[in-house]
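>>> Model the structure of this input:
(2 chains)
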Amino acid sequence: MLLQANKWLRQNGASTLNTQQIASRLELIDITKQYPGCLANDSINLCLQPGEIHALLGENGAGKSTLVKTIYGVVAPDKGDILWDGKEVTIKSPSTARDLGIGMVFQHFSLFETLTVSQNIELCLSQKHLANIDDLAEKIRQLSEEYGLNVDPDKYVHSLSIGERQRVEIMRCLVQSVKLLILDEPTSVLTPQEVSGLFDVLRTLSKEGCSILFISHKLHEVTEICHQATILRGGKVVNTCVPSEETPASIAKMMVGDLAEQDTQYTKKEGTHTLFSANNLSLPSKQPFGTSLKNIQFELKAGEILGIAGVAGNGQDELMAIISGEDNRTNKSSLSLDQMDIGHLHAGDRRKLGMAYVPEERLGRGAVPDMSLTENTLLTHSTGFIKNGLVQWQEAKDYASRLIKKYKVKCHGEFSEAKSLSGGNLQKFIMGREIGQNPKVLICAHPTWGVDVGAALAIHQALLDLRDQGAAILLISEDIDELFLLADRMSAICDGHLSPQVKTQDTNIDQIGQWMAGTFIDTQRELTQETQS
Amino acid sequence: MDADLITQILFAAIKTGTPLLFIALGEVICEKSGILNLGQEGMMLMGAVLGFLAAYTTGSMGLGVLAAMIMGSFMSLIFAVLVLQLGANQVATGLALTIFGTGLSAFVGSGVVGQTIQGFTPIAIPLLSDIPYLGEILFKHDILVYLSFAITIALYFVVNKTRVGLTLKAVGENPNAANAIGIKVLQVRYLAIMFGGAMAGISGAYMSLVYTPMWVENMTAGRGWIALALVVFASWRIGRIMLGAYLFGLASIMHLVLQGLGWSISPNLLAMLPYMATVIVMVIISADHFKEKLLAPRSLGKPFDPRNMA
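The predicted structure follows:
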């Protein structure tokens, strides 16, 4: 059975790759990992040829992360064998993995911000590697040239953009001349232009014989560059395919079973009157490595969804903090709700006026980790479930259990602690809690981040219903596809500047992508200079 | 004031600052790895009493210092096991260590209270000590002071110029990332904590073998706490720790100096100076949040458990 599967894979790999009949670069046989209460990997088999770009697909919780952590030596499997170049190996730790030639680029980067690029890379190298390199900085410059990575070895990491940091991580693997590169959702933090740059690098690497294991949610990317795909669901391999012979929709179907509707289109609406606006909002960041906001200007109308696209770290967090009132150093008049100046109000006062928020950071900002779901509903509810100074526990409990049912939140019940939920499930709960208050204005960061396809549809519908009831919704997200799907008007944020807002029908991914890279900033500056002179 | 008096004051400031320098150097290495050990005072007292006992019974000062170092690192090992292996809260464990060390050192040393020994004799370094003023201030000390110079220079080099220093910084900034690239986080932290313990031990030995060559209960008088402030004051930099230690040393002998000059300020008020200076320094530094965040090891005080990685 196993042999047959491997043979099948090899044949298919050969048809697209023309690999020679040599030992596979990596072969996983029956990898099983049991966590308390969840079988993360159930007898997984996977085979990678030299030079193959292999996609690992699946929804959140399908077991992708556990599997790659097993390969990288972070997680020890309970059962199963790993063959590397045909030989059986035990990968005890990341350093063993690196000695074999396995490199990994993490979704949340593992860089040290207070060190320079070359110091960061040096830390990763074994003595053996270092002995072969005379001048690390020179080697980095040379590789940077060769692969078009554009990495400056002398810069401090905290001064780099997210895209640059990712290139540093890739560089880190290149310096070690890896034979297998694992990328965990590499494109989720990049602008469309940066993504195509990354793909060029990956193709060059593949041609040189480096195998690549590519985890992604974005199926059109998978069909674009991957030679092979393995699809996981519930910890098991449910399918394998050659992505170039499939469409994103057909792959999505394999991922979720049958309920995926990829090509959903929602009607776009036009807002009626301005409900919320930011007027010339400028503010230096509080954080050492934060982004300062510069002249942010937008109007949010009743009955519309305004989307703000942008690569992470371009001022979204700061903007969110200011709009929510967490950071209320702003002028009174720089924010207004219903023609009332609210720039000086605290977060709680703003909530009382009918604003609601879904922050990016779910645990810690969106919910208190050690408190139950019921207690977490109390925190932001407009009345706080309080009558005569006493908490109405029964009502709060009912409300929480209604949310759990409506959004299919997987948990043990309304008394589960927030931290015991998976990211996607907690996100569903928080979204539900905020939408459930029928706010006038909802500010929402990454509404479906980490949420599976079925639940994402439910959240989308809930957002649209809220809009149709006349609420104004601001969506801040890194997922452009989702913004195009939901937003009635679009805008982009780059380095603390906000682009003009345009109707979604009047723009396209290319333009927004360029805005995300900041092309609008110069024009804006010229305009202001003109008006001044 | 004449030049001779100034020279004498500075000489004394270095002597007084030396135990602070030892213990603060140990603590800064520990903090750079992301561990906050509030047990400094306890480790120092244990070092002081063990160092004194060893020197008193064997008559060898070298053995005294060695015993103090071993005792200091043994105390810190208790802390390390609790904090690293068992995931105990760093602040609470550190405080417990101080209380434990204070009590145990009083118990262990009760038999030798009031006994004296012949401390280290000063060694004038040939040639260097002949430099006018500077030679008087720097090069007529005992061997432990020279050892503290050497350790400072060595640590400056290790922290800023070597891979060991990079590793240490990496572990203190982001232990998860460090683990992911294959650095053995717990091992680095064990070593850093135990280095801190050994330095606290020497610092204690300096108190009981050199500064006042005898054992008195609680003789370190809060120097372990001052060292903690000193690390923040120096913004975790080796060079500034040396400067800060001597400044604090100067502050603590100010009351003697001013009395000598015939100023009529209550000696009790003046004895407060180093502690006042500590408080003021902490206030000034924490006023600038921005800078504090930039300089401090990012993961200071946060536990790391490799088993929670998945």
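>>> Tell me where chain B has helices.
Counting by DSSP state H, chain B has helices at residues B:3-32, B:40-58, B:61-80, B:90-108, B:134-138, B:143-161, B:163-173, B:175-180, B:185-205, B:223-233, B:238-260, B:267-271, B:273-287, B:289-295.
>>> need these in TSV with distance to residue A:316 and mean pLDDT, can you?
Backbone N, C-alpha and C define where each C-beta goes, glycine included. Shown next, in TSV, are the helices of chain B (distance: least, Cβ to Cβ, whole Å; pLDDT from 0 to 100):
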stretch	distance to residue A:316	mean pLDDT
helix B:3-32	32	92
helix B:40-58	42	94
helix B:61-80	40	95
helix B:90-108	33	94
helix B:134-138	55	84
helix B:143-161	36	94
helix B:163-173	24	91
helix B:175-180	23	84
helix B:185-205	31	95
helix B:223-233	33	88
helix B:238-260	37	85
helix B:267-271	54	75
helix B:273-287	29	75
helix B:289-295	20	60
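>>> just those helices: most buried one?
helix B:40-58 (a mean of 28; mean count of other Cβ atoms under 10 Å in any protein chain shown).
>>> just checking, what packs against that one?
Contact analysis of helix B:40-58 by 3 or more Cβ pairs under 8 Å, 6 or more residues apart in numbering or on different chains; DSSP states H and E lists helix B:3-32, helix B:61-80, helix B:90-108, helix B:185-205, helix B:223-233 as its packing neighbours.
>>> I'd like those helices as JSON lines, with distance to residue A:526 appended.
As requested, the helices and strands packed on helix B:40-58 are exported to JSON lines (distance: least, Cβ to Cβ, whole Å):
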{"stretch": "helix B:3-32", "distance to residue A:526": "48"}
{"stretch": "helix B:61-80", "distance to residue A:526": "60"}
{"stretch": "helix B:90-108", "distance to residue A:526": "54"}
{"stretch": "helix B:185-205", "distance to residue A:526": "51"}
{"stretch": "helix B:223-233", "distance to residue A:526": "47"}
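>>> Of all the helices of chain B, which one comes closest to residue A:306?
Closest to residue A:306 of the helices of chain B, according to Cβ to Cβ: helix B:289-295, at 32.0 Å.
>>> Tell me how many other residues surround the residue nearest to residue A:273 when sequence neighbours are not counted.
Closest residue to residue A:273 apart from its sequence neighbours, by Cβ to Cβ, 6 or more residues apart in numbering or on different chains: residue A:302 at 5.7 Å. By the measure other Cβ atoms under 10 Å in any protein chain shown, the count of residues near residue A:302 is 18.
>>> Let me see the contact set for residue A:302.
If a contact means Cβ atoms under 8 Å, 6 or more residues apart in numbering or on different chains, then residue A:302 has A:271-275, A:440, A:470-472 as its contacts.
>>> can you rerun that using 6 Å?
Residue A:302 makes contacts with A:271-273, A:275, A:470, A:472, as judged by Cβ atoms under 6 Å, 6 or more residues apart in numbering or on different chains.
>>> Most neighbours among these, please name it.
Counting neighbours by other Cβ under 10 Å, residue A:472 leads those with 28 neighbours.
>>> in the sheet, who's paired with that one?
In this entry, residue A:472 is beta-bridged to residue A:441, by DSSP bridges.
>>> Please report how far it lies from residue A:412.
36 Å (Cβ to Cβ, to the nearest Å).
>>> circling back to that earlier point, specify the stretch among the helices of chain B that is closest to residue A:30.
Of the helices of chain B, nearest to residue A:30 by Cβ to Cβ is helix B:175-180, at 25.8 Å.
>>> Could you give the separation of the closest one from the chain centroid?
Between the centre of helix B:175-180 and the centre of its chain there are 28 Å (Cα atoms, centre = their mean, to the nearest Å).
>>> hmm, it touching chain A?
Yes: Helix B:175-180 comes into contact with chain A (Cβ under 6 Å from any Cβ of the partner chain), by way of B:177, B:180.
>>> got a list of contacts for that helix?
Contacts for helix B:175-180 (Cβ under 6 Å, 6+ apart): A:94, A:110, B:170-171, B:185, B:299, B:304, B:306.
>>> again, but for stretch B:24-44
Contact with stretch B:24-44 is made by B:23, B:72, B:75-76, B:79, B:90, B:94-95, B:97-98, B:100-102, B:155, B:168, B:171-172, B:188-189, B:192-193, B:195-197, B:199-200, B:203-204, B:220, B:224, B:227, B:230-231, B:236, B:241, B:245, B:297, B:299-301, as judged by Cβ under 6 Å, 6+ apart.
>>> and those residues near chain A, which?
Among these, not one lies near chain A by Cβ under 6 Å from any Cβ.
>>> thinking again about what came up before, mind picking the two most distant members of the contacts of helix B:175-180?
A:94 and B:299, at 18.4 Å, using Cβ to Cβ across these.
>>> Please name the residues that touch residue A:222.
A:55, A:216, A:243.
>>> closest to residue A:201 among these?
residue A:216 (15.4 Å).
>>> which residues does residue B:145 contact?
Residues near residue B:145 by Cβ under 6 Å, 6+ apart: residue B:18.
>>> let me redo that: residue A:67
By Cβ under 6 Å, 6+ apart, the neighbours of residue A:67 are residue A:41.
>>> Angles on the backbone of it, please.
phi -60, psi -50 (degrees, to the nearest 10).
>>> Which of the helices or strands spans the residue nearest to residue A:362 when sequence neighbours are not counted?
Spatial nearest neighbour of residue A:362, excluding adjacent residues (Cβ to Cβ, 6+ apart): residue A:426 at 5.0 Å. Secondary structure assignment for residue A:426, by DSSP states H and E: helix A:423-435.
>>> helices or strands next to that helix in the packing?
Judged by 3 or more Cβ pairs under 6 Å, 6 or more residues apart in numbering or on different chains; DSSP states H and E, helix A:423-435 is in contact with strand A:355-358, helix A:453-468.
>>> hmm, try it at 10 Å
Where contact means 3 or more Cβ pairs under 10 Å, 6 or more residues apart in numbering or on different chains; DSSP states H and E, helix A:423-435 is packed against strand A:355-358, helix A:373-380, helix A:393-406, strand A:441-445, helix A:453-468.
>>> Around chain B, which positions in the stretch 1-150 of chain A sit nearby?
A:33, A:35, A:40, A:65-66, A:69-70, A:72-76, A:93-99, A:104, A:106, A:108-116, A:119-127, A:130 (Cβ under 10 Å from any Cβ of the partner chain).
>>> Just the buried residues out of those, in PyMOL syntax.
Selecting the buried subset of the residues of the stretch 1-150 of chain A next to chain B in PyMOL, with 16 or more other Cβ atoms under 10 Å in any protein chain shown as the burial test, is done by:
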select buried, chain A and resi 33+40+65+66+69+70+72+73+74+75+93+94+95+97+98+99+104+106+109+110+111+112+113+114+115+116+119+120+121+122+123+124+125
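>>> Name the helix or strand of chain A that has the lowest mean pLDDT.
helix A:2-17 (a mean of 46; mean pLDDT, DSSP states H and E).
>>> immediately after that one, which helix or strand?
strand A:26-35.
>>> centre of the chain versus that following strand, how much separation?
26 Å.
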